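Trainee: With the input below, show me the fold.
(chains A and B)
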Amino acid sequence: NAGVTQTPKFQVLKTGQSMTLQCAQDMNHEYMSWYRQDPGMGLRLIHYSVGAGITDQGEVPNGYNVSRSTTEDFPLRLLSAAPSQTSVYFCASSYSVSGKLFFGSGTQLSVL
Amino acid sequence: DQQVKQNSPSLSVQEGRISILNCDYTNSMFDYFLWYKKYPAEGPTFLISISSIKDKNEDGRFTVFLNKSAKHLSLHIVPSQPGDSAVYFCAASGGSYNTDKLIFGTGTRLQVFP
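Mentor: Numbering: from 1, shown residues only, chains lettered A, B, ... in the order given. As a prediction, this is how the structure comes out:
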């Protein structure tokens, strides 16, 4: 049982480039979410999904897009990377919207 | 506006003693609280939770206390062990307008020394 798998683990982008952070879970969880962790800011919610075909914005959604075509996958897209998006990104899933989250190991992203 | 606050960025405790990590919240609609533990280069892992209908929840060495009137919760670790050295995040959710989101505090780095 792999849990929540995030790829890549590390990524360096130039300003203006686009990329997709991948997230997959094999626990059949309906709820999935993306957080970013910045020093002194804790974990902030970017986008979340309560099921396939349903997504919504969190606290800091600007500059990011998501889609949820299957229960298992919840990719996060950066359309035009900016230095302010340098952060560690965590994907998480849960069997309920306010329940215990299972986190992936994170993606360290640097935007130059 | 930080709805969940951890005002102590770090805490250092001797092995075998009690560690007390604190968390304050401002939204009275929160009704479910959780603590997560995070080691470097890993994702956070769930540690313990408490519902607002309780004021205490225990799991082995870990106990969470909730004071609803003060909008305050604390995590007690007894006895502290070197393996407990990590960053601890409190989180809150709930209420009619907030059931889809888990709001995290900024974290407290706990160091347990021999």
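
Trainee: Enumerate the residues of chain B near chain A.
Mentor: For chain B, the residues in contact with chain A (Cβ under 8 Å from any Cβ of the partner chain) are B:4, B:6, B:9, B:32, B:34, B:36, B:41-46, B:49, B:89, B:91, B:93-94, B:99-107. In this view, the C-beta of every residue, glycine as well, is placed from N, C-alpha and C.

Trainee: cutoff 6 Å now
Mentor: B:32, B:42-44, B:46, B:93-94, B:99-101, B:104-107 (Cβ under 6 Å from any Cβ of the partner chain).

Trainee: Are any of these buried, and if so which?
Mentor: Among the residues of chain B next to chain A, the ones that count as buried by 16 or more other Cβ atoms under 10 Å in any protein chain shown are B:32, B:43-44, B:46, B:93-94, B:99-101, B:104-107.

Trainee: Helices - which of those land there?
Mentor: Among these, no member falls in helices (DSSP state H).

Trainee: picking up where we left off before, quick one: which of the residues of chain B next to chain A is nearest residue A:43?
Mentor: residue B:104 (4.0 Å; Cβ to Cβ).

Trainee: Any idea what the residue lying closest to the closest one once chain neighbours are set aside is bridged to?
Mentor: Spatially, and ignoring its direct neighbours in sequence, residue B:104 is nearest to residue A:43 (4.0 Å; Cβ to Cβ, 6 or more residues apart in numbering or on different chains). Residues in a beta bridge with residue A:43, per DSSP bridges, are residue A:37.

Trainee: In chain A, mark out all the strands, start to finish.
Mentor: Using DSSP state E, the strands of chain A run over residues A:4-7, A:10-13, A:19-25, A:31-38, A:42-51, A:54-57, A:64-66, A:76-78, A:87-94, A:102-103, A:107-111.
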